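Colleague: Next comes the sequence, and after it the predicted model I'd like to discuss.
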Amino acid sequence: MSIIVQKFGGTSVADTQKILGAARKAIRAAQAGRQVVVVVSAMGKTTDSLVALAKEITDRPSKREMDMLLSSGEQVTIALLAIALESLGYKAVSMTGAQIGIKTDSSHTKARIKTIDTEKMRKTLADGNIVIAAGFQGVDETGNITTLGRGGSDTSAVALAAALGAEECEIYTDVDGIYTTDPRLLPEARKVTQISYDEMLELASLGAGVMHSRSIEFAKKFGVNVHVRSSFSDTAGSLITALPEGNTPVAGAAVAKNEAQVTLVGIPDKPGNAMRIFSKIADAKIATDMIVQNAGLDGKTDIAFTVPGIDLTATLDVLQSLVNDIGAEKVEWKENAVKVSIVGLGMETQPGVAETMFRAVSRQGINIEMITTSGIKISALVTKDSALDTLRAVHNAFHLQSPISAVANVTAGAKKKKLPTAKSVTAGKESRIVSFNSPLLGMEDILIEAITLDQSQARITLPNIPDKPGIAAEVFEKIAAAKIIVDMIVQSSSRNSRAVISFTVPRKVLDRALKVVRKLTADWGGEEPLYNSAAAILSVRGTGLRSHTGLAYRMFRTLADGGINVNIISTSERCVSVSVDDKNGEKGLKLFRKEFAKEMM
Ligand code: ADP
Ligand code: ASP
Ligand code: MG
């Protein structure tokens, strides 16, 4: 008999009527001849209320006790749902994470799943029961209750589906599918019929709160078909699966509110400094994004990055203790920034996507404070009050509101290449790549697909350009007009209202690219562009790399130990890249292969 996992989020079980509604959906699946596992969240805003209660007592409650407290929310729902099913004449058994045997590591409030014991669940299902599982929680080796991080019930559901080899994992929620962006922000957003794991993973990690990003890591790693749909209707929702919906450059846009931008100013530019910063931050399990290390000017460099606003205090604690150690001048930070990102598998093969995005933003007179790109995403940091205008401008620029069949190629001078096919994306069930409960690997351990060295690139840095709307658009418009494909792009504000942009272009077109940018910098009265005609790009590819906070750190440490300095850094869920001097490329590659040997697929 096939197994289906159904997950109901907070709003879908907010009161007893809704719990009865969820029970009826489970019953229908059982009547269709399937074994049913239902994963539930805490009712309505219960988890928020529990957090608030602890905050009434102290700002820094211990994490172990927070897990004990927060896990109680889901325990209420599982019992009520089991009672509802029994009242409707069906056999049901509720189980906490510990009772199921969801073993996690001990990082309280952000625990990762190591193994799931399926024996008890299978037996309970075989006895004719519907199994009701508490989402969001597990238990560590010593029996402490842990939670997986806010929104973590999605991850519980997909992980259970993976462990049980379920045919499908249905995510019932308060929207009827995945939209091109949050439909509560932009009502004109379009519902997608399908989205690829890679795109959804990136969107979720960049702020699309509809799915917990780690759930998509599981889905991709174990080939789980995820169907996101409405709790309150029977219409088909959206499938998260191996292939993208269509051949467009951009699949969706996401917004991360309450980002904080942190800059470590005036760091001596030598191997090892980036490593020390990110090692400390990784230890605190803080996921950094938009890392920009400006090419060193007068032997000093600035490293800027963003962290979620809620992690700012912890980040500053870490950095303050480092400033003296590494001889930096100071730490600066800004709160309340908003990160607007576009994501699409198609952008890897189509030039002009970055330029289209920057141009759309600059037309609104909005200044982009930071830019980072990586493979299938481009992120721009803007101020809070311009966030919605930025999102709408970008969403419109790629015609995301229009039916997919009507979306022509919208990027300038684009010559389309073929999109990746199932072969290059992790495909279907037969390609499950991790054996469950393997003694060597935890289910959520990092898995690396490839480590590569690209020696075809050169790096250009514009060290001192005006920090005002439209600058990035102008640079990349001119570059795109010259038919030059740009790979990594980073931009950050520097001191005195000046900005720094670095990017890489193919070596063979470096001269042409320099000609284009020299003309621009001359017009702006800026400094001559700097360049490195032989930049080597080392990349580590895998799944969920950014959420594994330690990965970037290990890359930096490995390079630092080898005396190799890092220039540009770009991070995404599926790829972390660094550019180094060409002479260090081969050596870096060897060091990475050794460092990550255990995690290679
Ligand atoms: P649940 O409690 O069911 O887990 P969430 O609130 O976590 O529900 O997620 C559903 C919400 O995600 C929607 O109400 C919607 O506002 C938001 N959302 C953000 N981005 C998207 C998107 N791209 N598509 C659909 N919904 C989105
Ligand atoms: N109840 C938890 C939360 O609100 C987990 C979840 O709903 O996914 O974060
Ligand atoms: Mg959710």
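Modeller: Sure thing, it's come through. The structure presented is a predicted model; accordingly, all values stated were derived computationally and were not measured. Ligands and ions are numbered 1, 2, ... in the order given.

Colleague: can you pull the contacts of residue 232?
Modeller: By Cβ atoms under 8 Å, 6 or more residues apart in numbering, the contact list for residue 232 reads 12, 21, 174. For the C-beta atoms, the positions are set from N, CA and C on the backbone; glycine is no exception.

Colleague: Over to residue 585?
Modeller: 453, 455, 536, 538.

Colleague: if we look at ligand 1, which of these are close to it?
Modeller: Near ligand 1, judged by Cβ under 6 Å from any ligand atom, there are no entries from the contacts of residue 585.

Colleague: Which of those are buried, as a PyMOL select command?
Modeller: For the buried members of the contacts of residue 585, the matching PyMOL selection, counting by 16 or more other Cβ atoms under 10 Å, is:
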select buried, resi 453+536+538
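
Colleague: Which single residue of the stretch 1-150 of the chain approaches ligand 1 most closely?
Modeller: Residue of the stretch 1-150 of the chain nearest ligand 1, by Cβ to the nearest ligand atom: residue 9 (1.8 Å).

Colleague: what's the neighbour count on that residue?
Modeller: Using other Cβ atoms under 10 Å, residue 9 has 23 neighbouring residues.

Colleague: Could you report the separation of it from residue 236?
Modeller: The gap separating residue 9 from residue 236 is 18 Å, by Cβ to Cβ, to the nearest Å.

Colleague: re the thing from before, which residues sit in contact with the residue of the stretch 1-150 of the chain closest to ligand 1?
Modeller: Counted by Cβ under 8 Å, 6+ apart, residue 9 has contacts 41, 153-154, 171-174, 231.

Colleague: Walking through the stretch 301-450 of the chain, point out its helices one by one.
Modeller: 312-326, 353-363, 387-397 (DSSP state H, counting those that start in this stretch).

Colleague: so for the second one, what's the average pLDDT?
Modeller: Per-residue pLDDT over helix 353-363 has a mean of 93.

Colleague: Can you list the buried residues in that helix?
Modeller: The neighbour-count check on helix 353-363 (16+ other Cβ under 10 Å) flags 353-362 as buried.

Colleague: Now do the contacts for the residue of the stretch 451-600 of the chain found nearest ligand 2.
Modeller: Using Cβ to the nearest ligand atom, residue 547 is the residue of the stretch 451-600 of the chain that sits closest to ligand 2, at 15.6 Å. When contacts are counted by Cβ under 8 Å, 6+ apart, residue 547 touches 205, 213-214, 217, 287, 573.

Colleague: Against residue 477, how distant is it?
Modeller: 34 Å.

Colleague: Return the subset of the contacts of residue 547 lying in helices.
Modeller: Members of the contacts of residue 547 lying in helices (criterion: DSSP state H): 205, 213-214, 217.

Colleague: export those to JSON lines and tack on pLDDT, distance to ligand 3 and neighbour count?
Modeller: Shown next, in JSON lines, are the ones in helices among the contacts of residue 547 (pLDDT from 0 to 100; distance: Cβ to the ion, whole Å; neighbours: other Cβ atoms under 10 Å):
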{"residue": "205", "pLDDT": "92", "distance to ligand 3": "14", "neighbour count": "27"}
{"residue": "213", "pLDDT": "94", "distance to ligand 3": "11", "neighbour count": "25"}
{"residue": "214", "pLDDT": "95", "distance to ligand 3": "12", "neighbour count": "27"}
{"residue": "217", "pLDDT": "94", "distance to ligand 3": "15", "neighbour count": "30"}
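
Colleague: Give me the buried entries from the contacts of residue 9.
Modeller: Buried members of these, scored by 16+ other Cβ under 10 Å, are 41, 153-154, 171-173, 231.

Colleague: closest to ligand 1 among those?
Modeller: Of all the buried ones among the contacts of residue 9, ligand 1 sits closest to residue 173, with 3.3 Å by Cβ to the nearest ligand atom.

Colleague: How about that closest one: which residues does it bridge to?
Modeller: Beta-bridge pairing for residue 173 (DSSP bridges): residue 230.

Colleague: That one touches residue 226, doesn't it?
Modeller: No: here residue 173 does not reach residue 226: they are 11.6 Å apart, not a contact under Cβ atoms under 8 Å.

Colleague: about what we covered before: just give me the closest of the buried ones among the contacts of residue 9 to ligand 3.
Modeller: When these are ranked by distance to ligand 3 (Cβ to the ion), residue 154 comes first, at 5.7 Å.

Colleague: Remind me which helix or strand that closest one belongs to.
Modeller: helix 153-164 (DSSP states H and E).

Colleague: Now do that helix: distance to the chain's middle.
Modeller: Here helix 153-164 is found 18 Å from its chain centre; the criterion is Cα atoms, centre = their mean, to the nearest Å.

Colleague: Is it in proximity to ligand 3?
Modeller: No: using Cβ under 5 Å from the ion, helix 153-164 stays clear of ligand 3, coming no nearer than 5.7 Å.

Colleague: Summarise which helices and strands that helix is packed against.
Modeller: If you count contacts as 3 or more Cβ pairs under 8 Å, 6 or more residues apart in numbering; DSSP states H and E, helix 153-164 packs onto strand 3-8, strand 35-40, strand 113-116, helix 119-126, strand 130-134, strand 168-173, helix 213-222.

Colleague: In JSON lines: the ones you listed, plus distance to residue 326.
Modeller: What follows is the helices and strands packed on helix 153-164, written out as JSON lines (distance: least, Cβ to Cβ, whole Å):
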{"stretch": "strand 3-8", "distance to residue 326": "45"}
{"stretch": "strand 35-40", "distance to residue 326": "45"}
{"stretch": "strand 113-116", "distance to residue 326": "34"}
{"stretch": "helix 119-126", "distance to residue 326": "50"}
{"stretch": "strand 130-134", "distance to residue 326": "44"}
{"stretch": "strand 168-173", "distance to residue 326": "44"}
{"stretch": "helix 213-222", "distance to residue 326": "31"}
